[in-house]
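Visitor: sequence unavailable; structure follows:
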């Protein structure tokens, strides 16, 4: 039984404007493959990954400490320690975590680790394609890229 204690792991930090958080990849450190689990810490005034949904991976969030707002499927919902939220693998699962408070928010993010996957970003009208390793995975991908939704090419003109 692989075991890992979160105190043994270093934080990975992401800081891209309003998107700011710290993350520890718990499932990966314990040798998990089919289910991903990361510990996140979202500082005051920060937001998580851009508003998105997956077409192949279901995700869930469990709040450990603090209070946040989740933008989900076009609405906003307050969450606090003890709340669990599931996000379907389709447009109804679109989500983003926002910390509008003065204290950090800590939560677990869980996901199936299915590939290939397409992640859709409704705000920017873009999508990402992942083949060889799912979103959140660290294996080398055979195909990966981000594209504009309306940037399609006629099949017969390729």
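Guide: Looks like it came in fine. None of these values were measured; they are calculated from a predicted model. Residues are numbered from 1 along each chain as shown.

Visitor: isn't residue 33 up against residue 113?
Guide: Yes - assessed by CB atoms under 8 Å, residue 33 is found in contact with residue 113 at 6.4 Å. (Glycine included, C-beta is placed from N, CA and C.)

Visitor: give me the more crowded residue out of the two.
Guide: Neighbour comparison, residue 33 and residue 113: the larger count goes to residue 113, with 20 against 11 (by other CB atoms under 10 Å).

Visitor: show me what contacts that one?
Guide: 32, 33, 34, 35, 36, 57, 134, 136, 137 (CB atoms under 8 Å, 6 or more residues apart in numbering).

Visitor: are any of those buried, and if so which?
Guide: For these, a burial check counting by 16 or more other CB atoms under 10 Å picks out 36, 57, 134, 136, 137.

Visitor: so the first one touches residue 136, yeah?
Guide: Yes - distance between residue 36 and residue 136: 4.8 Å, which falls inside the contact criterion (CB under 8 Å).

Visitor: overlap in contacts of these two?
Guide: Common neighbours of residue 36 and residue 136, using CB under 8 Å, 6+ apart, are 25, 111, 113.

Visitor: tell me the pLDDT at the second one?
Guide: The predicted structure scores residue 111 at 97 on the pLDDT scale.
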